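Asker: Here you go, sequence then predicted model.
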Amino acid sequence: AEPLSHSSRSSPSSSFETSLVSSHSYLGTSHTLSVPLPRRKHQLSSFSTSSPSVSVGPSRKRCRSPTTSLHTAVSALAILCHVEADRLPPRTRFMGSLTASHEDGTIEASVEDIIKPTAKATPEVVAEPVIPSVHLEQMAEEMLEDYEETMQGMYEHLFEIPLPKIEDDVHTLRDMLTAFEGVSTNLRKRVRSLELSELSLRNSLRTARAERAEMQFQVRYTVEQLQ
């Protein structure tokens with residue numbers, strides 16, 4: 001019974017460590033995990049062959065083999081081992097040292113993989129061309145010359161106009177202004193006359209209403225006298 005229990009203790013944990021080491025070496029790293037994996041201890045319960053429960057049949061808990069629960073973990077690791085490194089995205093590959101510690105559990109990656117994406121995301125600043133002061137002075141001189149030429153042309157055009165023609169235009173404008181003033185005066189007089197006629201019409205209407213009221217009173221009084 002002792003050799004059987006020793007083989008059942010050592011075989012599951014050793015196969016588990018072998019699968020982990022093979023999966024780690026398949027991923028392209030030469031470092032082995034230095035974490036001691038816990039060993040599962042399976043004790044075989046001693047029982048006598050003369051007990052009536054054994055002769056009838058062993059229970060399900062006693063017949064369960066430790067290799068059945070370990071087979072799923074080993075098969076999952078075997079599936080992970082068959083994943084090719086070329087199928088992984090380029091950013092998930094770790095460069096440099098790969099250290100797995102049992103205390104902190106951190107994985108060190110290359111600093112270049114972290115700095116390169118941020119460096120590419122920075123916008124490029126385009127520097128504007130600097131215009132030297134000599135070109136600015138030349139541009140100012142050209143603008144000043146153009147302005148002087150424009151003013152000179154305007155002065156010559158105004159100087160060519162004869163003075164008698166300007167005086168005639170002034171007299172014509174004054175005559176037109178006088179005529180407009182006379183027209184406006186006539187319109188004001190007409191408006192005043194219309195206002196007076198309106199006032200007289202209102203007075204006439206008021207007088208007619210008073211006469212009508214007096215006639216109605218006389219008619220009513222006459223009718224009462226006849227009755």
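Answerer: Thanks, I have it.
Asker: who touches residue 170 in this structure?
Answerer: Counting by C-beta atoms under 8 Å, 6 or more residues apart in numbering, residue 170 touches no other residue. C-beta coordinates here come from the backbone N, C-alpha and C atoms, glycine included.
Asker: do you know how far it is from residue 177?
Answerer: 11 Å (C-beta to C-beta, to the nearest Å).
Asker: same check, this time on residue 165
Answerer: On the measure of C-beta to C-beta, residue 165 and residue 177 end up 19 Å apart.
Asker: Distance of residue 198 relative to residue 192?
Answerer: Residue 198 is 11 Å from residue 192, by C-beta to C-beta.
Asker: Residue 177 - how many residues pack around it?
Answerer: Counted with other C-beta atoms under 10 Å, the neighbours of residue 177 add up to 10.
Asker: now swap in the one 10 residues further on and tell me
Answerer: Residue 187 is flanked by 10 other residues according to other C-beta under 10 Å.
Asker: Quick check on it: phi, psi?
Answerer: When quoted as degrees, to the nearest 10, the phi and psi of residue 187 stand at phi -60, psi -40.
Asker: same deal with residue 161?
Answerer: phi -70, psi 130.
Asker: That one: neighbouring residues, count only.
Answerer: Quick note: residue 161 (other C-beta under 10 Å) scores 9 neighbours.
Asker: got a list of what residue 207 touches?
Answerer: Here residue 207 is in contact with no residues (criterion: C-beta under 8 Å, 6+ apart).
Asker: Give me the residues contacting stretch 159-169.
Answerer: With C-beta under 8 Å, 6+ apart, stretch 159-169 has no contacts at all.
Asker: and that stretch, average pLDDT?
Answerer: Computed over stretch 159-169, the mean pLDDT rounds to 79.
Asker: Helix or strand: which one has residue 139?
Answerer: helix 133-160 (DSSP states H and E).
Asker: can you count the residues close to residue 173?
Answerer: Residue 173 has 10 nearby residues by other C-beta under 10 Å.
Asker: could you measure it against residue 179, distance?
Answerer: Distance from residue 173 to residue 179, by C-beta to C-beta: 11 Å.
Asker: Which pLDDT value belongs to residue 143?
Answerer: For residue 143, the model assigns a pLDDT of 89.
Asker: Sorry, wrong one. I was asking about residue 218.
Answerer: The predicted local confidence for residue 218 is 91.
Asker: how far away is it from residue 210?
Answerer: From residue 218 to residue 210 the distance is 13 Å (C-beta to C-beta).
Asker: Walk me through the domains of the chain.
Answerer: 2-45+61-111, 133-226 (automatic domain parsing).
Asker: Just give me the lowest mean pLDDT stretch among those domains.
Answerer: Averaging pLDDT over each of these puts domain 2-45+61-111 lowest, since it has a mean of 48.
Asker: Look at residue 160 and say how many residues are nearby.
Answerer: 7.
Asker: Residue 182 too?
Answerer: 10.
Asker: same question, residue 199
Answerer: 10.
Asker: Same check on residue 220?
Answerer: Neighbour number of residue 220 under other C-beta under 10 Å is 10.
Asker: Torsion angles phi and psi at it?
Answerer: Torsion angles, degrees, to the nearest 10, at residue 220: phi -70, psi -40.
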